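Peer 1: Coordinates for the following, if possible.
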Amino acid sequence: MEIWAIYAVGASLFWSLVNMVDKYLVSKYTNEEHSSGALVLFSSLVGVFIAFFIGIFNPGIWHIGTIDKLLLILVGFTSVAWILFYLYALEIEDVSVVVPWFLTIPAFGYIFGFIFLGESLTYYQQIGSLIIMLGLIVLSIDFKKEKVSKFKTKVVLYMLAACIIIAAQGIVFKYVAEVESFWVSSFWEYLGLGLMGLILYIFIPHYRRDFMRMNKEGGLKIFSLNALSELTTTTGDLLSKFALLLAPVTVVYLMSSFQPAFVLMLTILGTLFFPSIVNESLSYRVLVPKIIAILITIVGSFVLFM
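Peer 2: Predicted coordinates for the structure are as follows:
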């Protein structure tokens, strides 16, 4: 297996573990009075520390054009938005339903190329995108009730917004990182993420209150989980970005298409053996449509990159 493929699959596995931790934190520490603002705040503030350590070991961080700096800082800023949309989706839906929406990212990448770069969409790209959407439509139908009629509109809107942002970020990062070094580009992106975290902490009081409450109520446990989650996220991000520098964006995204399968396996194992951590319905009428939908989206991803 090529080294970039190992990086890409490894990133998917790390992100799957993060998805499980995120769902646990959202389920345990958010409610109608306290939203996911504290979690997104913690995620963004970690960017300051990551940027600091990169800066210590890479003195060349200042040798980058002003436009490139601003673009990467903007990528960091917008990361807060997609994380927030993602956490909102986790508040109202199973993690195994939320994560497959990330497979729309390559499709949006193609659409951006078609609109802004004048690139053409191939037959396989169009068919693959449609197959992915078919799987996600099935996944967005509520099969828990006897009468299947409810469509999960909020989850769809939250995850579409998150994936559009991520797709745009991937294009910008690759554009800059191909000219500048990987670590220099990462420094400015994480700095932007950290700066946005500081802005949210200062100017949004209820985010700040929820952040303090979460750490006070959870103590060492919640802090350790947050730290572990961010470390795992960062590891996955770095593996993915290394892969992006060694292979085409779309091929790297293809390898990431296995993330929903990883998450589904983890949720099944968690529900069976660790129900206090993750607990999803394993009934036939819920699990079978979910498996079929995820398989459809993975098949769509393969067609997309043919």
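Peer 1: Mind checking what helix or strand follows the worst-scoring helix or strand of the chain on mean pLDDT in sequence?
Peer 2: Ranked by mean pLDDT, DSSP states H and E, the helix or strand of the chain with the weakest confidence is helix 249-255, at a mean of 72. Counting by DSSP states H and E, the element after helix 249-255 in chain order, helix or strand, is helix 259-273.
Peer 1: Could you tell me the per-residue confidence at Leu117?
Peer 2: For Leu117, the pLDDT comes out at 66.
Peer 1: repeat for Gly192
Peer 2: The model's pLDDT for Gly192 equals 94.
Peer 1: Tell me how far the least confident helix or strand of the chain lies from the chain's centre.
Peer 2: 15 Å (CA atoms, centre = their mean, to the nearest Å).
Peer 1: Quick one: list the elements packing against it.
Peer 2: helix 3-29, helix 105-116, helix 153-177, helix 205-246, helix 284-304 (3 or more CB pairs under 8 Å, 6 or more residues apart in numbering; DSSP states H and E). For the C-beta atoms, the positions are set from N, CA and C on the backbone; glycine is no exception.
Peer 1: Make a markdown table from those helices and add distance to Leu72 and mean neighbour count to it.
Peer 2: Output for the helices and strands packed on helix 249-255, formatted as a markdown table (distance: least, CB to CB, whole Å; neighbours: other CB atoms under 10 Å):
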| stretch | distance to Leu72 | mean neighbour count |
| --- | --- | --- |
| helix 3-29 | 19 | 20 |
| helix 105-116 | 18 | 18 |
| helix 153-177 | 6 | 19 |
| helix 205-246 | 12 | 17 |
| helix 284-304 | 27 | 18 |
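Peer 1: what's the closest of these to Gly37?
Peer 2: helix 205-246 (3.7 Å; CB to CB).
Peer 1: So what's the gap between the closest one and the chain middle?
Peer 2: Relative to its chain's centre, helix 205-246 lies at 13 Å (CA atoms, centre = their mean).
Peer 1: Which other helices and strands does that helix contact?
Peer 2: Applying 3+ CB pairs under 8 Å, 6+ apart, one finds that helix 205-246 makes contact with helix 3-29, helix 37-57, helix 153-177, helix 182-203, helix 249-255.
Peer 1: got the angle between that helix and helix 3-29?
Peer 2: 170 degrees (axes from the mean of the first three to the mean of the last three CA atoms, to 10 degrees).
Peer 1: mean confidence for helix 205-246?
Peer 2: Throughout helix 205-246, pLDDT has a mean value of 80.
Peer 1: Kindly report the same for stretch 128-140.
Peer 2: On average, stretch 128-140 scores 91.
Peer 1: Report the buried residues of that stretch.
Peer 2: Across stretch 128-140, burial judged by 16 or more other CB atoms under 10 Å covers Gly128, Ser129, Ile131, Ile132, Met133, Gly135, Leu136, Val138, Leu139, Ser140.
Peer 1: what does stretch 90-101 give?
Peer 2: Buried-residue list, stretch 90-101, by 16+ other CB under 10 Å: Leu90, Glu91, Glu93, Asp94, Val95, Ser96, Val97, Val98, Val99, Pro100, Trp101.
Peer 1: of all those residues, which two lie farthest apart?
Peer 2: Every pair of those checked by CB to CB; the farthest is Glu91 and Pro100, at 17.4 Å.
Peer 1: Not counting sequence-adjacent ones, nearest residue to Lys23?
Peer 2: Once flanking residues are discounted, Lys23 sits nearest to Val95: 4.0 Å by CB to CB, 6 or more residues apart in numbering.
Peer 1: What helices and strands are in contact with the helix or strand harbouring Leu71?
Peer 2: Taking DSSP H and E as the criterion, Leu71 maps to helix 66-92. In terms of contacts (3+ CB pairs under 8 Å, 6+ apart), helix 66-92 is packed against helix 3-29, helix 37-57, helix 95-98, helix 153-177, helix 182-203.
Peer 1: who wins for proximity to Pro275 among those helices?
Peer 2: helix 3-29 (11.7 Å).
Peer 1: Quick one: mean pLDDT for that closest one?
Peer 2: Taken as a whole, helix 3-29 has a mean pLDDT of 88.
Peer 1: cool, stretch 152-169 as well?
Peer 2: pLDDT averaged over stretch 152-169 gives 92.
Peer 1: Now do that stretch: everything it contacts.
Peer 2: With CB atoms under 8 Å, 6 or more residues apart in numbering as the test, stretch 152-169 has contacts from 75, 78-79, 81-83, 85-86, 88-89, 92-93, 97-98, 101-102, 104-106, 108-109, 112, 136, 140-142.
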